[in-house]
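K.L.:
need a structure here:
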Amino acid sequence: MQGTDLVTKTQSVLKPTLELTVAAVLWGFGFVANVWCLAALSPSAIVFYRFTISGLLGLALFPILKIKKSEMKAEFRISIFAGVALGLCLFLQTWGLQYTTATNSGFITTLYVVIVPFVAWGVMKESLRWLHWLCVALALIGTLLVVQLESIDLNKGDALTFVCAFVASVQIVYISKVSDRSKSPFIFNTFQSLWAGLPYAIALTRSGEFMHWNLWRLDQKGWIGFLSLTFCSTSLAFYLQIRAQKHLSSSHASLLYLMESPFSYLFAYFLLSERMAGIQMFGAFLILGSCVVATRAEVKNRELKL
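P.N.:
Model (predicted):
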């Protein structure tokens with residue numbers, strides 16, 4: 001019986017880890033997708049469209065799935081803060097991509113791994129083992145090597161992405177805090193998407209902004225990027241995030257999110273011809289290594305508690 005419980009506990013960690021890995025791949029491609037969309041659309045238009053369409057699609061499925069009003073009411077309330085924070089995070093990231101590379105944006109964004117443990121400790125009183133802090137340190141060193149901080153000219157795009165990283169950490173911790181209250185990740189993500197996109201409809205009233213909201217200005221790559229952002233990075237990836245964080249701590253989840261940055265570079269390498277030096281590649285290896293060690297440590301820790 002104990003052996004069966006051990007396997008079950010281990011699988012309870014590995015399954016959400018796999019789900020977050022899939023989400024990281026989708027988010028990694030999202031940096032390239034955003035670059036393609038920015039050739040025709042403004043940052044506010046991209047955020048509005050991707051989240052609003054995703055949210056409306058979810059709402060359209062409610063009657064088919066026979067979702068009760070009581071379920072919708074509960075998820076609606078707890079999704080407000082998550083949605084607003086998510087929309088702000090992605091707006092800052094997309095805005096920053098107008099001034100920096102997809103590679104830099106991908107790795108600077110993941111600096112939230114340093115912020116999340118402090119937010120989680122302050123809000124949720126999560127305890128952290130020394131091995132986790134070691135993984136955080138290695139991940140930070142890896143990120144600094146990738147962006148070559150000693151020689152980087154911190155431009156507007158990099159600064160906006162740093163702020164994005166802080167907002168992302170708050171959203172991650174909040175998801176962990178309310179995950180037990182959420183009974184349906186699908187309903188939660190539907191309302192979260194609507195709250196994320198709604199504030200950016202205001203940009204439609206701005207003079208000179210409307211031309212940058214015309215979807216028909218997108219070329220073939222732009223449409224591929226737009227559809228990927230809407231249905232893969234938003235509808236699917238954030239659904240997987242909510243599901244996975246029901247079983248993982250926010251600090252552990254934030255380390256897994258770090259895989260988003262190496263994936264963003266791989267896509268940028270092949271699709272945008274961006275390149276990294278050897279020292280930057282070593283930094284990417286440190287980030288991935290810290291994710292693997294943290295995951296194995298989490299599994300081992302749960303095994304010892306049995």
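
K.L.:
From now on I want contacts and neighbour counts done on CA atoms only, so please keep to that.
P.N.:
Fine.

K.L.:
Would you mind listing where the stretch 51-200 of the chain has pLDDT under the threshold?
P.N.:
124-128, 148-154 (pLDDT under 70).

K.L.:
how about a cut-off of 80?
P.N.:
111, 113-130, 132, 136, 140, 143-144, 146-155 (pLDDT under 80).

K.L.:
And the helices in it, which stretches?
P.N.:
Counting by DSSP state H, counting those that start in this stretch, the stretch 51-200 of the chain has these helices, from start to end: 69-96, 102-109, 112-124, 130-147, 156-178, 185-197.

K.L.:
next SSE after the last one?
P.N.:
This means helix 185-197. Counting by DSSP states H and E, the next helix or strand C-terminal to helix 185-197 is helix 220-227.

K.L.:
right, and the helix or strand after that next one?
P.N.:
Next along from helix 220-227, by DSSP H and E: helix 237-244.

K.L.:
so what secondary structure elements neighbour the next helix or strand after that next one?
P.N.:
Downstream of helix 237-244, the next assigned helix or strand under DSSP H and E is helix 250-257. With contacts taken as 3 or more CA pairs under 8 Å, 6 or more residues apart in numbering; DSSP states H and E, helix 250-257 sits against helix 2-38, helix 112-124, helix 156-178, helix 278-304.

K.L.:
would a markdown table of the ones you listed with mean neighbour count be doable?
P.N.:
Shown next, in a markdown table, are the helices and strands packed on helix 250-257 (neighbours: other CA atoms under 10 Å):
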| stretch | mean neighbour count |
| --- | --- |
| helix 2-38 | 20 |
| helix 112-124 | 20 |
| helix 156-178 | 22 |
| helix 278-304 | 18 |
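
K.L.:
Out of those helices, the one nearest residue 66 is which?
P.N.:
Closest approach to residue 66 among the helices and strands packed on helix 250-257 is made by helix 156-178 (23.6 Å; CA to CA).
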